[in-house]
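Novice: missing the sequence, but the structure's below:
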């Protein structure tokens, strides 16, 4: 083996990057290994050859309640690349356009009028919805864990219309699963932390650059400045042990061997067991990881010859399409607007078109439906919402499916998620699938990286608290729900 490394981190996704940053800030010298030629993991971009522009594999967003992600973004200097959205737009089944924004009231009353403006609910449904939210918030997570959220909804007066038009809309975006496949404790986490406990928690933070740029040069430069090292195109083959109970190093796919005092396996759950000796992978601690399932997310990328809506984003109710995002051009106007098309004509270049991305979470049926049928269905839905789309020409469309986008938060999932500290001395785990208390999100990934860093520091006799606190529960929310 080559010289001893301080810490080796396998995987350059958000979990690995967060662990590397945290350790470097504590004076350690982490070596981060990424098998691909870029950082970011599943938060990635690629070039669409036909349009000649960089697009994301899927739109990623954060929320105000994501305190660990926010802290990490500040620490690596990319916080300015997110835009905070003060308002959302929900498009009802009959085309109702409902504005969703907070008042200045404290939580949990800051969104009362926003919910009242969802006119595709009757007043009776809004009342039952309020009762359901209150009951969910007042039910301890421990009593919900392991139960199907659909069963809980059925037992608490939340009928099919409320399920489809509210509960599913929020949770399929946050967790990427259907209601029957969501652990009720995870559903409670989304609504309490995201909407009820703090008035800033619900705010949506949207990246303003492609994900490849967001988690690319700035992050790598910051790590280098802190004394860390990043090696791309350096895939790990296996973790080497000294005896059966201590990690000693890793072997790369090219045969190179590296020693390390500590190793963090920050790879997806479906890859981690392949890094371990068979006897270790078969042990009770690790073997349960094989029972974690994945859920897919599809994104439909569409370029029209003209804008079809002025909204920067919208949530559609009761359709295959769930979220629609519009991409602004770098100099201000929407791609495909009259201004940008006139400029293209003057420059003698082809207009790039107005670009939209439509996100479909829990998208198990999209692959079977096929590219052409999915694009046609989505365009038809957009045309019903925005009739101007019927007169627009579709320049190009493509469907991107991330089959293993997130772990499936099925009932009982938390029994399968391991902690970051393992029975193998010197081997630590990171990834949104590890035990973080959060669903499969960017926030969960960063939290896992921070917790893995804390595990290493504890092992070395220098414990530190790296994970930032959650947003505080506001007094009225504490009184109303007993939080």
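Specialist: Right, received. Where do you want to start? This one's a predicted model, so the numbers in the text were calculated from it and none came from an experiment.
Novice: Contacts for stretch 130-137, please.
Specialist: Residues from elsewhere that reach stretch 130-137 (C-beta atoms under 8 Å, 6 or more residues apart in numbering): 108, 115, 152-153, 156-158, 162, 187-188, 191-192, 196, 480-483. In this view, the C-beta of every residue, glycine as well, is placed from N, C-alpha and C.
Novice: can we see that at 6 Å?
Specialist: With contact meaning C-beta atoms under 6 Å, 6 or more residues apart in numbering, stretch 130-137 is reached by 156, 158, 188, 192, 196, 481.
Novice: Can you tell me the closest non-neighbouring residue to the fourth one?
Specialist: What that stands for is residue 192. residue 137 (5.4 Å; C-beta to C-beta, 6 or more residues apart in numbering).
Novice: now do the second one
Specialist: Taking C-beta to C-beta, 6+ apart, and ignoring the residues beside it in sequence, residue 158 has residue 132 as its nearest neighbour in space, at 4.8 Å.
Novice: picking up where we left off before, the residue nearest to residue 192 and residue 183, how far apart?
Specialist: 16 Å (C-beta to C-beta, to the nearest Å).
Novice: which of these two has more neighbours?
Specialist: A count of neighbours by other C-beta atoms under 10 Å puts residue 183 above the other of residue 137 and residue 183, at 26 against 19.
Novice: From what I see, that one and residue 411 are in contact.
Specialist: Yes. In this structure, residue 183 is within contact of residue 411 by C-beta atoms under 6 Å, at 4.8 Å.
Novice: Now do the shared contacts for the two.
Specialist: In the contact map built from C-beta under 6 Å, 6+ apart, no residue is linked to both residue 183 and residue 411.
Novice: circling back: can I take it that the residue nearest to residue 192 is in a helix?
Specialist: Yes. Assigned with DSSP: H, G, I helix; E, B strand; the rest coil, residue 137 falls within a helix.
Novice: What score does it have for pLDDT?
Specialist: Residue 137 is assigned a pLDDT of 97 by the prediction.
Novice: Same question for the one 3 residues further on.
Specialist: Reading off the confidence values, residue 140 has pLDDT 96.
Novice: cool, and residue 3?
Specialist: Here the pLDDT value assigned to residue 3 is 69.
Novice: just the strands in the stretch 1-150 of the chain please.
Specialist: Counting by DSSP state E, counting those that start in this stretch, residue ranges of the strands within the stretch 1-150 of the chain are 4-10, 30-33, 45-48, 53-56, 62-63, 82-85, 88-91, 97-100.
Novice: just the contacts of stretch 130-137 now: which is nearest residue 122?
Specialist: Within the contacts of stretch 130-137, proximity to residue 122 (C-beta to C-beta) peaks at residue 158, which comes in at 14.0 Å.
Novice: Which elements pack onto the helix ranked longest in the chain?
Specialist: For the chain, the longest helix by residue count, based on DSSP state H, is helix 442-459. Packing contacts for helix 442-459, counted by 3 or more C-beta pairs under 6 Å, 6 or more residues apart in numbering; DSSP states H and E, involve helix 14-25, helix 67-76.
Novice: Turn those into CSV, columns for mean pLDDT, mean neighbour count and distance to residue 387.
Specialist: Listed next are these as CSV, based on pLDDT from 0 to 100; neighbours: other C-beta atoms under 10 Å; distance: least, C-beta to C-beta, whole Å:
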stretch, mean pLDDT, mean neighbour count, distance to residue 387
helix 14-25, 98, 29, 40
helix 67-76, 97, 20, 38
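Novice: For those, give me a markdown table that also has distance to residue 311.
Specialist: Listed next are the helices and strands packed on helix 442-459 as a markdown table, based on distance: least, C-beta to C-beta, whole Å:
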| stretch | distance to residue 311 |
| --- | --- |
| helix 14-25 | 28 |
| helix 67-76 | 25 |
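Novice: The ones you listed: which one's closest to residue 289?
Specialist: Short answer: helix 14-25, nearest of those by C-beta to C-beta, at 14.5 Å.
Novice: Report all helices and strands that the closest one contacts.
Specialist: Against helix 14-25 (3+ C-beta pairs under 6 Å, 6+ apart) you get strand 4-10, strand 30-33, helix 442-459.
Novice: Strand partners (parallel or antiparallel) of the helix or strand containing residue 248?
Specialist: Secondary-structure assignment from DSSP states H and E places residue 248 in strand 247-252. Under the criterion DSSP bridges, strand 247-252 sits next to strand 236-241 (antiparallel), strand 257-265 (antiparallel) in its sheet.
Novice: Show me what that strand is in contact with.
Specialist: Counting contacts by C-beta under 6 Å, 6+ apart, the residues outside strand 247-252 that touch it are 1, 8, 236-242, 257-260, 263, 424, 426-427.
Novice: the inter-axis angle of it versus strand 4-10?
Specialist: Regarding strand 247-252 and strand 4-10, their directions subtend 60 degrees when assessed with axes from the mean of the first three to the mean of the last three C-alpha atoms, to 10 degrees.
Novice: now the residue nearest to residue 158: how far from residue 126?
Specialist: To residue 126, residue 132 is 11 Å away according to C-beta to C-beta.
Novice: and the two? which has more neighbours close in?
Specialist: The neighbour count for residue 132 versus residue 126, taken as other C-beta under 10 Å, is higher for residue 132 (19 against 16).
Novice: ok, back up a step: so after the longest helix of the chain, what's the next helix or strand?
Specialist: helix 475-481.
Novice: chain center to that next one, what's the gap?
Specialist: Computed by C-alpha atoms, centre = their mean, to the nearest Å, the chain-centroid distance of helix 475-481 equals 28 Å.
Novice: for it, what is the average pLDDT?
Specialist: In this model, helix 475-481 has a mean pLDDT of 93.
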